[in-house]
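K.L.:
show me how the following folds:
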Amino acid sequence: MAGIGFELKKVFKKKGLLATLAAYGYAGIVCTGPMILGIVLLLGIRLLGELSGTGRSDIDLVNAMVTYGLLASLLLTDVFSLVTTRYIADMLYMEKKDRVLPSFWGSVSVQLVIGWALYGTFLCFAGITPGQVFMNIVFFSVMVVVWMEMNYLTAIKDYRGILVTFALAVGLALLVGWLLIRFTKIPAVPCLLGTAIIAYSVMAVLYFRLMLKYFPMGNASSMGFLEWMDKYPALCFVGLFTGIGVFGHLVIMWFSPLQHQVKGLFYEAPAYDIPALIAFLSILITTINFVTSVEVNFYPKYRTYFSLFNKSGSLGDIEQAGEEMKRTLTEELANTFIKQFFVTVLFIVLGTLLLPYLPLGFTEDMLGIFRVLCLGYGFYAMGNCLMLIQLYFSDNKGALISTAVFAAGSVAGTIIAMRFGIRAYGVGFVAGSAGFTLVSLILLYRYLGTLMEHVLVGQPIVAVERRGLLTRIAERREKKYREKFPVWEGEAPDESEFDA
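P.N.:
Numbering: from 1, shown residues only. Presented below is the predicted three-dimensional model:
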């Protein structure tokens, strides 16, 4: 995220309301673009279906398949995203930019193999047609590519290009979907599902085009990132636990008394899903603010503090820089949390007043669930910010504990809350999110209280290299790659050598 911070700081230096709105807009698209696109598509697909006279059952099936594809791809990429992010950061720091893009191909390939095996098996027994199975696999695959591209986009500075890409993806997909339904005899389900595939495919292609402008094609094995999974196994579980905490309560509610069987193994709970979808939007402000405020203002202090260790700064200078860094962090987090509090209150008040008048079928029970989930997502947004700062200071163990509490609390709390009727729905997610925030806050400031000790004596006296199975696989792949594509050193070989 530091790459975003550097560029946004330049944008924020420009005076005027339009420049400020542009900076927030760029950050919002970079951080939340695919998720916003998912929400727009779910609503757009339903609107297209209703305008074309498509049956309610077909619209529900498409929405269920898109939702399942989104959640399955997110949960899978959550396992890899933090590790690959760490790998990218390390490669850029070591000035090995040529290793970044190969890791993208490698991580996507590994995830697609795993995803096709797991999600493909589910789809085969889900009770849908072979054609629908194929389209779902394609949608899932494209989603995996897009989510992974987002990890690499943090280093890209072409924010205007990212914004244009997002707009093109949304507009083109909805236009093509309308044309297919209006002027062809293709059944509604493949038309609507094709709309989602087109949207994310456009985004995937154009995002990759932006990546190619910044990263070279590379000269390294695509499996080098596997070694980082051995080095930082906690990061895999941090991502997984976060995904379970955020989405687990939704899946559980599909099997509550609110459940509705769409078709085969596809279930939904509209009375819970729709309030959750709208309540989720309340955290986007905090997500954007975390990048534009915490990252932009905090990172320079963070960099100054650690540069004093590397540049032989005096003890007094280090302590002073540390206190300034902690003070800036506290101020920025406090500002972020205050903004989230007001946004949550605003969503609850406006939602209560406006949602009953929208064509979403809101009942009093759904409004109650919406208000509870707004509170839950507010806590989640704060806890997630704290957890990301834990990772900033390499407190992987603390982040693992925080997210484990979140996942366990959200899942267990939701299961328990189901026993107390519809008025308790969502309370379990609130409990898990509140625990996430509290534990993250305690562990972060406990860690910061002894930060210098962690920096100076936290490393082992004798370096211990972790060499697990994944590291050995990475080394073998790198060796084979070097045998096939040797690295030329010194004077370049004569081109005639390549004539054969």
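K.L.:
contacts for the strand or helix carrying residue 414, please.
P.N.:
Taking DSSP states H and E as the definition, residue 414 sits inside helix 396-417. Here helix 396-417 makes contact (C-beta atoms under 8 Å, 6 or more residues apart in numbering) with 232, 234-235, 237-238, 240-242, 244-246, 248-249, 252-253, 380, 383, 386-387, 390-391, 424-433, 435-436, 439-440, 443-444, 447. In short, each C-beta sits where N, CA and C put it, glycine included.
K.L.:
so which of those belong to helices?
P.N.:
234-235, 237-238, 240-242, 244-246, 248-249, 252-253, 380, 383, 386-387, 390-391, 427-433, 435-436, 439-440, 443-444, 447 (DSSP state H).
K.L.:
what residues are up against residue 123?
P.N.:
133, 136-137.
K.L.:
now these in CSV, with distance to residue 266?
P.N.:
Formatted as CSV, the contacts of residue 123 follow (distance: C-beta to C-beta, whole Å):
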residue, distance to residue 266
133, 12
136, 10
137, 15
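K.L.:
in terms of pLDDT, where does residue 249 sit?
P.N.:
Residue 249 is assigned 94 on the pLDDT scale.
K.L.:
which residues touch it?
P.N.:
410-411, 413-414, 426, 428-429, 432.
K.L.:
if we use 6 Å, what do you get?
P.N.:
With contact taken as C-beta atoms under 6 Å, 6 or more residues apart in numbering, residue 249 is in contact with 410, 414, 429.
K.L.:
quick revisit: and the helix holding residue 414 with helix 233-253, angle?
P.N.:
10 degrees (axes from the mean of the first three to the mean of the last three C-alpha atoms, to 10 degrees).
K.L.:
relative to residue 474, which of the contacts of residue 249 is nearest.
P.N.:
residue 410 (33.9 Å; C-beta to C-beta).
K.L.:
which residues touch residue 86?
P.N.:
Each residue near residue 86 by C-beta under 6 Å, 6+ apart is listed here: 228, 232.
K.L.:
next, the angle from the host helix or strand of it to helix 396-417.
P.N.:
Element membership for residue 86, per DSSP H and E: helix 56-93. Between helix 56-93 and helix 396-417, the angle comes out at 170 degrees (the same axes, to 10 degrees).
K.L.:
which parts of helix 56-93 are buried?
P.N.:
Within helix 56-93, the residues that qualify as buried are 58-89, 91-92, counting by 16 or more other C-beta atoms under 10 Å.
K.L.:
with stretch 250-260 instead?
P.N.:
For stretch 250-260, the neighbour count (16+ other C-beta under 10 Å) marks 250-254, 256, 258 as buried.
K.L.:
cool, and stretch 362-378?
P.N.:
For stretch 362-378, the neighbour count (16+ other C-beta under 10 Å) marks 362, 365-378 as buried.
K.L.:
again, but for stretch 116-131
P.N.:
Quick answer for stretch 116-131 (16+ other C-beta under 10 Å): 119, 123, 126, 128.
K.L.:
my guess is the third one meets residue 265, correct?
P.N.:
Which is residue 126. Yes - Residue 126 is within contact range of residue 265, at 4.3 Å (criterion: C-beta atoms under 6 Å).
K.L.:
which helix runs longest in this structure?
P.N.:
helix 315-354.
K.L.:
by contact count, what packs against that helix?
P.N.:
For helix 315-354, the elements it packs on are helix 284-289, helix 296-310, helix 364-392, judged by 3 or more C-beta pairs under 6 Å, 6 or more residues apart in numbering; DSSP states H and E.
K.L.:
who wins on neighbours among the contacts of residue 123?
P.N.:
Among the contacts of residue 123, residue 136 has the most neighbours (other C-beta atoms under 10 Å), with 23 neighbours.
K.L.:
on that earlier part again, lowest-confidence entry in the buried residues of stretch 362-378?
P.N.:
Minimum pLDDT across those is recorded for residue 362, with 85.
K.L.:
how about that residue, secondary structure?
P.N.:
Here residue 362 is recorded as coil under DSSP: H, G, I helix; E, B strand; the rest coil.
K.L.:
and it, what are its phi and psi?
P.N.:
phi -70, psi 130 (degrees, to the nearest 10).
K.L.:
residue ranges with poor pLDDT in this structure?
P.N.:
Residues of the chain meeting the criterion pLDDT under 70: 1-38, 154-163, 291-292, 295, 458-466, 486-500.
K.L.:
tell me which residue is most central in it.
P.N.:
residue 147 (6.6 Å; C-alpha atoms, centre = their mean).
K.L.:
now that residue, nearest residue through space, not along the chain?
P.N.:
Spatially, and ignoring its direct neighbours in sequence, residue 147 is nearest to residue 77 (4.1 Å; C-beta to C-beta, 6 or more residues apart in numbering).
K.L.:
if I look at that neighbour, how far off is residue 93?
P.N.:
Going from residue 77 to residue 93 by C-beta to C-beta, to the nearest Å gives 23 Å.
K.L.:
save the contacts of residue 249 as CSV, and put in neighbour count too.
P.N.:
As requested, the contacts of residue 249 are exported to CSV (neighbours: other C-beta atoms under 10 Å):
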residue, neighbour count
410, 28
414, 25
429, 32
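K.L.:
which single one of these is nearest to residue 105?
P.N.:
For the contacts of residue 249, the closest approach to residue 105 (C-beta to C-beta) belongs to residue 410, at 33.7 Å.
K.L.:
from residue 430, how far out is the closest one?
P.N.:
Going from residue 410 to residue 430 by C-beta to C-beta gives 9 Å.
K.L.:
if we can go back for a sec, redo the contacts of residue 123 as TSV? Include secondary structure.
P.N.:
Compiled in TSV, those are given as follows (three-state DSSP):
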residue	secondary structure
133	helix
136	helix
137	helix
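K.L.:
which one of those residues is nearest residue 42?
P.N.:
Nearest to residue 42 among those, with distances taken as C-beta to C-beta, is residue 136, at 15.3 Å.
K.L.:
and whatever helix or strand residue 202 lives in, what other elements does it pack with?
P.N.:
For residue 202, the enclosing helix or strand under DSSP H and E is helix 188-214. Contact here means 3+ C-beta pairs under 6 Å, 6+ apart; on that basis helix 188-214 packs against helix 17-51, helix 56-93, helix 130-153, helix 159-183.
K.L.:
any chance of CSV for those, columns distance to residue 337?
P.N.:
Shown next, in CSV, are the helices and strands packed on helix 188-214 (distance: least, C-beta to C-beta, whole Å):
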stretch, distance to residue 337
helix 17-51, 18
helix 56-93, 23
helix 130-153, 25
helix 159-183, 26
